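Undergrad: Got a sequence here, can you model it:
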Amino acid sequence: MSFLLRNISLQPGQNEKQLVSIAADIIGATVDKLENFHIVRKAVDARKKPRVLLVYSVAFDVKDANLLQHLQNLNLPDLGFTEPEPANITDCKATLNPKHKEQPIVIVGMGPAGLFCALRLVWHGLPATVLERGKPVAQRVKDVALFWQKGLLDEESNVQFGEGGAGTFSDGKLTCRLRDPNSRWILEQLTRFGAPAEICFQAKPHIGTDRLRKVVAQITAFLQQKGCVLQYSTRCTGFGSTKNRINVAYTANNEELPCRHLVLAIGHSARDSYAMLASSKLIMEAKPFAIGLRVEHPQSLIDKIQYGKPHPALPRADYALTFNNKNSGRSCYSFCMCPGGLVVASSSEAGMVVTNGMSNLGRNSDLANSALVVNVRPEDFGATDPLAGIRFQQHWERLAFAAGNSSYHAPASNLLAFLGSGSGNFCSSYRPAVVEADLSALLPDYVTRTLQEGIIAFGKKMKGFVTAEATLTGVETRTSAPLRILRGKDCQALSIAGLYPAGEGAGYAGGIMSAALDGVRIADMIAAQIK
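TA: Numbers count the residues shown, from 1 in each chain. Predicted coordinates:
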């Protein structure tokens, strides 16, 4: 029988090998009676700083009859049974489904939703054709480096477009609020293809952009081995249908790809694709998202604020902050916080500046960064057109480009100067460069006011957050998709059978894990229909 024991604490620096003996003492057993002992969760407890602890949940099997009886009678609130593993496919042993040729599947996009949809379909014996408008990750990294160094933007190969999607140039966070049994499956596949094993039990797992690039390359190589056709530098320009059923996908390379199932995992920045879908009469609606700025602090300062007395065995400290203005209904919150990371240029269209954050697996930068954003609503866009949110984003991105000397330099400001409460130098990791600017002129007035109110409130929650050592850069506009492609419970578009809007770009996810989960969900539905 398998048991779960929660809330075992170690001090930073203590050897994790001690966990098994501590667990044995807690339940009144000897170490040799605990079989298959392993960590299932690891988190930092900094509530009583500077006494920061590492808190674990562990699992183990017990076969000894006497100990089983003892444990079943033991009244320990932190002891319970482990949840059974989800009834998912655990290994790629599926034979090729004989219907895969008469039921061809095309997936548009190689971000998390597209890649994990393709990966799951392979487990069902259904290899797909996967289209990606950008380049393979190795070439994409070179294109992005050239943009960051010299401001030379490739509109088809950048931080937003290419193998791995936008998540490839991010912190690689794998947190997700969804309690989905497929989460474990996704984490296991990531470790299978090169991610650290620790992501399966960390409370806040992340891969880091340096490791994630290698994982993505391993996944796509595996997909090709299993019969998937991967087409790079191939943009989907439309689709055809017969009797409201999808039957062909068109590409910019003048190809016509027959398909009975078309998965649209286009990502939240494929603005030309959104326009194509709107002209195809696909039912879409504008949705709320958030815009703002990105803030950078010295990582050592964030460590001191969060831990009191930092320890080398502790991870780089992060934070999650929220502020709500009850009168306006606006919220300001931190988003995509990257400890030990970099602020990066994330443009995908000429003449626009967009910021984002990323970090490597080691989170070894001296700076911590996070987006500070404010919610915006469809009524703020001034139109009911589903594409209005895109135009809203573009407007502020163009202003940021102009404020950065029209050279993809990011407008920046000292945090105190933005608040109107002081001045100071500004230091940013953003490349190619930053230019001092009035950031309040680059956002709607209501966003600027809410940001200022929120930052002051954050300073009260985290003493030292409001400091002359902090720098703001702008603008951050791509927090999520500005629209949603409507679909039914079967994940198919309302107007066309066989068309599956997927992931973050379709408005159904908000990060790597939730996008991957959506891709898996759609793959299972397609497989069930074909079988």
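Undergrad: Buried residues, stretch 278-288. List them.
TA: Within stretch 278-288, the residues that count as buried by 16 or more other C-beta atoms under 10 Å are 278, 282-284, 286. Using the backbone N, CA and C atoms, a C-beta is placed for each residue, glycine as well.
Undergrad: again with stretch 128-146
TA: Within stretch 128-146, the residues that qualify as buried by neighbour count (16+ other C-beta under 10 Å) are 128-137, 139-141, 143-144.
Undergrad: Repeat that for stretch 193-213.
TA: By neighbour count on 16+ other C-beta under 10 Å, the buried set for stretch 193-213 is 193-196, 199-202, 204-209, 211-213.
Undergrad: So which residues make contact with it?
TA: 38-44, 137, 141, 164, 167-175, 184, 187-188, 190-191, 214-215, 218-219, 222, 318, 358-363 (C-beta atoms under 8 Å, 6 or more residues apart in numbering).
Undergrad: Just give me the neighbour total for Gln225.
TA: 11 (other C-beta atoms under 10 Å).
Undergrad: where does it land on pLDDT?
TA: Gln225 carries a pLDDT value of 95.
Undergrad: How about Gly172?
TA: We note a pLDDT of 86 for Gly172 in this prediction.
Undergrad: Could you pull out the strands in the stretch 301-450 of the chain for me?
TA: In the stretch 301-450 of the chain, the strands defined using DSSP state E, counting those that start in this stretch lie at 322-325, 330-338, 342-345, 355-358, 367-376, 410-414, 434-436.
Undergrad: follow-up on the earlier one: could you give me the PyMOL syntax to select whichever of the contacts of stretch 193-213 are buried?
TA: Those of those that count as buried under 16+ other C-beta under 10 Å are selected in PyMOL with:
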select buried, resi 39+40+42+44+137+141+164+167+168+169+170+171+172+173+174+187+188+190+191+215+219+222+318+358+359+360+361+363
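Undergrad: picking that back up, I'd like the strands of the stretch 301-450 of the chain written out as a markdown table, with distance to Ile291 and mean pLDDT added.
TA: As requested, the strands of the stretch 301-450 of the chain are exported to a markdown table (distance: least, C-beta to C-beta, whole Å; pLDDT from 0 to 100):
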| stretch | distance to Ile291 | mean pLDDT |
| --- | --- | --- |
| strand 322-325 | 16 | 97 |
| strand 330-338 | 10 | 96 |
| strand 342-345 | 16 | 97 |
| strand 355-358 | 11 | 96 |
| strand 367-376 | 6 | 98 |
| strand 410-414 | 14 | 97 |
| strand 434-436 | 19 | 97 |
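Undergrad: Tabulate those strands (TSV), appending distance to Glu256.
TA: What follows is the strands of the stretch 301-450 of the chain, written out as TSV (distance: least, C-beta to C-beta, whole Å):
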stretch	distance to Glu256
strand 322-325	49
strand 330-338	39
strand 342-345	36
strand 355-358	35
strand 367-376	39
strand 410-414	42
strand 434-436	46
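Undergrad: Out of those, which gets nearest to His268?
TA: strand 355-358 (11.5 Å; C-beta to C-beta).
Undergrad: sorry, back to before: helices - which of the buried residues of stretch 278-288 land there?
TA: Ala278 (DSSP state H).
Undergrad: Show me the two of the buried residues of stretch 278-288 that sit farthest apart.
TA: The distance between the two most remote of these (C-beta to C-beta) is 13.9 Å, for Leu282 and Ala286.
Undergrad: before we move on, the earlier item: strands - which of the buried residues of stretch 128-146 land there?
TA: 129-131 (DSSP state E).
Undergrad: Now pLDDT and distance to Leu54 too, for those, in JSON lines please.
TA: Formatted as JSON lines, those follow (pLDDT from 0 to 100; distance: C-beta to C-beta, whole Å):
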{"residue": "Thr129", "pLDDT": "98", "distance to Leu54": "46"}
{"residue": "Val130", "pLDDT": "98", "distance to Leu54": "40"}
{"residue": "Leu131", "pLDDT": "98", "distance to Leu54": "44"}
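Undergrad: Pick out whichever of those sits closest to Leu230.
TA: Val130 (5.1 Å).
Undergrad: from what I can see that closest one touches Gly227, true?
TA: No: Val130 is not in contact with Gly227 according to C-beta atoms under 8 Å; the separation is 11.5 Å.
Undergrad: Using the three-state scheme, assign Lys42.
TA: Lys42 falls in the strand class when you classify it by DSSP: H, G, I helix; E, B strand; the rest coil.
Undergrad: give me every residue that touches it.
TA: Neighbour list for Lys42: 54-56, 198, 201-203 [criterion: C-beta under 8 Å, 6+ apart].
Undergrad: And Glu504, by the same measure?
TA: Counting by C-beta under 8 Å, 6+ apart, Glu504 touches 111, 113, 267-268, 480-481, 510-511, 514-515.
Undergrad: Out of these, list just those in helices.
TA: Per DSSP H, those map to helices at 113, 514-515.
Undergrad: Centroid-wise, who is the farthest residue in the chain?
TA: Note on the chain: the largest C-alpha distance from the chain mean falls to Asn66, namely 46.5 Å (C-alpha atoms, centre = their mean).
Undergrad: Residues contacting the helix or strand where that one lies, please?
TA: Element membership for Asn66, per DSSP states H and E: helix 65-73. Residues outside helix 65-73 that contact it (C-beta under 8 Å, 6+ apart): 1, 3, 27-29, 33, 62, 79.
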